[in-house]
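S.K.: Have a look; sequence and predicted model below, questions after that.
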Amino acid sequence: TGETLMGAREGEKAVFINPLRHDSAPSLGKSVKLGADYAFPTQEAVRGNSGSGKSFDYRAEETIAVWSYIPLLRWGVVAKIDQNEAYAPIGKLKSTLFIITLFTVILIIFLSRKISQIIFKPLQQLTGKALHISNNKVWSAEETKNLNEVKVLEKTFDFMTTNLLQMHNQLEEKNVKLSEKIIEVENTKQQLIYSSKMKALRVMAGGMAHEINNPITIIVTTSKVLRKNIEKGKLSKELVFSYLEKIDLTVLRITKIVNGLRVISRDEASEEYSDCSFKELLNDSLALCQEKFKIAGVDLILDWENPALDEKISCLRVQLSQVLINLLGNAYDAIENLDEKWVRLELTKKPVEGKMVIELRVIDSGNGISQELHDKIFNPFFTTKEVGKGTGIGLSISKSIIEKHGGGFCIDDRMSNTTFIEQIPISKTS
């Protein structure tokens, strides 16, 4: 009834590695829960203990057993025999125990050699790979003559750890430099936005004299006419009201211009998102360039009854006003020398990729943009304007502003006239 068992611990179980003499279960097919009231030697062996004594085996039969733990393999070995047979004649028992012990020792030695070969072969391969990874470091024979594979591997990993720490420190330094570059790029971007806004304001300043002077001239002229009629005594109530209404409309026009200037000149760095309608955005922008278009004979076409004008969008009002002024300024520059001069603004409410947006089309009477320029026109500093007239940052910044609002900005190459499309999501509270 003598039997040698080998087991390994898996969690809270002891798994029998070799086939069992008195059980038909295959190798690794039978296990015992640690703490069970049978197979005690196997449980103790896989826990790392050694000993001997009487106990019940996996069959719940009384046996005398010897058990030990093999650290190298992390296995437990049990040699056991049924008590009935153990208490046979002393001579036979001694012979049997001697044979069992000898067999166990031979088996352990044999298995140890086999397992060592199995373990150290991949260990040697791992050592070779580790040597290759560690900057192709090759240890000299003098350095490794007294070291086995484990020691060489340990030394190699120490070398690799040192290299990794150095690389980590270098990476940290590069991250700091990258962070500084990102801040520098962001500052440069803000400077470009400011430069673009200042350019737009400088361009508008040329026409601002007409924007403000014309309404003031109307007020002054109306005032003179009123004064003359008072002197002649020809002033009726109806005439007074008509002149006053004319003055009120003119003052309202000046107010829109001033409000537009106030919005566009606001510091966008401290601006927060707020809800406003496209009608408000267009009022801000058109007030600053409408007179310029009128003097140049450019027809500005917009359906003010379009219900899409009243839809609310969540936006940075200053920055979107800059986008509109930039698009209107580009359209003006493109058509100011053409025979047919017009700019049309079209608004549509439509679904795009599962969300409702307001689509604004800025169309001018120009003949469009060539296909070869489509991919370049949104690049920073690319411009088709003559030297001194454009910086090439307007469309690039406009695109980044629109995308920051979760929208889209592109050219419609299907149109015969130059057409820019701007899409902004409708506010959830709209």
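M.R.: In hand now; what should we look at?
S.K.: With just CA atoms, put stretch 4-14 into PDB.
M.R.: Output of stretch 4-14 as PDB, limited to C-alpha atoms (Å, rounded to 0.1, in the frame of the first residue of the first chain):
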ATOM      1  CA  THR A   4       4.700   8.600  -2.900                       C
ATOM      2  CA  LEU A   5       2.600  11.700  -3.500                       C
ATOM      3  CA  MET A   6       3.700  15.000  -5.000                       C
ATOM      4  CA  GLY A   7       1.500  18.100  -4.500                       C
ATOM      5  CA  ALA A   8       1.500  21.800  -5.100                       C
ATOM      6  CA  ARG A   9      -0.500  24.500  -3.500                       C
ATOM      7  CA  GLU A  10      -3.000  26.400  -5.600                       C
ATOM      8  CA  GLY A  11      -4.800  29.000  -3.500                       C
ATOM      9  CA  GLU A  12      -6.500  27.200  -0.700                       C
ATOM     10  CA  LYS A  13      -6.100  23.800  -2.200                       C
ATOM     11  CA  ALA A  14      -3.500  21.100  -2.500                       C
END
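S.K.: Give me the distance from it to the chain's centre.
M.R.: 48 Å (CA atoms, centre = their mean, to the nearest Å).
S.K.: where does the stretch 51-200 of the chain have low pLDDT?
M.R.: 88-91, 93, 116-117, 119-156, 189-200 (pLDDT under 70).
S.K.: swap the cut-off to 80 and go again
M.R.: Scanning the stretch 51-200 of the chain for pLDDT under 80 picks out the ranges 85-95, 112-161, 163, 185-200.
S.K.: per-residue confidence at K292?
M.R.: According to the prediction, K292 has pLDDT 82.
S.K.: What of G48?
M.R.: 91.
S.K.: how close does it get to K294?
M.R.: According to CB to CB, to the nearest Å, G48 and K294 sit 96 Å apart. To be clear about C-beta, it is placed using only N, CA and C from the backbone, and glycine gets the same treatment.
S.K.: just R113 next, same as before
M.R.: Taking CB to CB, one finds R113 at 101 Å from K294.
S.K.: out of those two, which sits in the more crowded spot?
M.R.: A direct count of neighbours by other CB atoms under 10 Å for R113 and K294 places K294 higher, at 15 against 10.
S.K.: what about the more buried one, which helix or strand?
M.R.: Assigned by DSSP states H and E, K294 belongs to helix 290-295.
S.K.: Please state the offset of that helix from the chain centre?
M.R.: That offset, for helix 290-295, works out to 45 Å (CA atoms, centre = their mean).
S.K.: for it, which positions count as buried?
M.R.: Q290, E291, K292, F293 (16 or more other CB atoms under 10 Å).
S.K.: Same check on stretch 77-87?
M.R.: Neighbour-count burial for stretch 77-87, counted by 16+ other CB under 10 Å, picks out V77, V78, A79, K80, I81, D82, A86.
S.K.: Identify the residues contacting the second one.
M.R.: Meaning V78. For V78, the contacting residues are T4, L5, M6, G7, P41, T42, A45, A65, V66, W67, by CB atoms under 8 Å, 6 or more residues apart in numbering.
S.K.: Could I get the full set of strands for the stretch 251-400 of the chain?
M.R.: For the stretch 251-400 of the chain, applying DSSP state E, counting those that start in this stretch gives strands covering 274-277, 299-302, 312-315, 342-352, 355-364.
S.K.: Those into CSV, with extra columns for mean pLDDT and mean neighbour count?
M.R.: Converted to CSV, the strands of the stretch 251-400 of the chain look like this (pLDDT from 0 to 100; neighbours: other CB atoms under 10 Å):
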stretch, mean pLDDT, mean neighbour count
strand 274-277, 90, 15
strand 299-302, 93, 14
strand 312-315, 91, 21
strand 342-352, 94, 16
strand 355-364, 94, 19
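S.K.: and these as TSV, adding distance to K228?
M.R.: Below are the strands of the stretch 251-400 of the chain laid out as TSV (distance: least, CB to CB, whole Å):
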stretch	distance to K228
strand 274-277	43
strand 299-302	35
strand 312-315	48
strand 342-352	40
strand 355-364	44
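S.K.: Any idea which of the ones you listed gets closest to V240?
M.R.: strand 299-302 (33.0 Å; CB to CB).
S.K.: Tell me the helices and strands packed up against the closest one.
M.R.: Applying 3 or more CB pairs under 8 Å, 6 or more residues apart in numbering; DSSP states H and E, one finds that strand 299-302 contacts helix 278-286, helix 290-295, strand 342-352.
S.K.: what secondary structure does I100 sit in?
M.R.: With DSSP: H, G, I helix; E, B strand; the rest coil as the basis, I100 sits in helix.
S.K.: make that I118, sorry
M.R.: Applying three-state DSSP: I118 is helix.
S.K.: gap between it and V105?
M.R.: On the measure of CB to CB, I118 and V105 end up 20 Å apart.
S.K.: follow-up on the earlier one: can you add distance to L28 and secondary structure and give the buried residues of stretch 77-87 back as TSV?
M.R.: Below are the buried residues of stretch 77-87 laid out as TSV (distance: CB to CB, whole Å; DSSP: H, G, I helix; E, B strand; the rest coil):
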residue	distance to L28	secondary structure
V77	16	strand
V78	16	strand
A79	20	strand
K80	19	strand
I81	24	strand
D82	24	strand
A86	28	helix
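S.K.: Save the residues you listed as TSV, and put in distance to L239 too.
M.R.: Below are the buried residues of stretch 77-87 laid out as TSV (distance: CB to CB, whole Å):
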residue	distance to L239
V77	122
V78	123
A79	128
K80	127
I81	133
D82	133
A86	136
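S.K.: Noted, bye for now.
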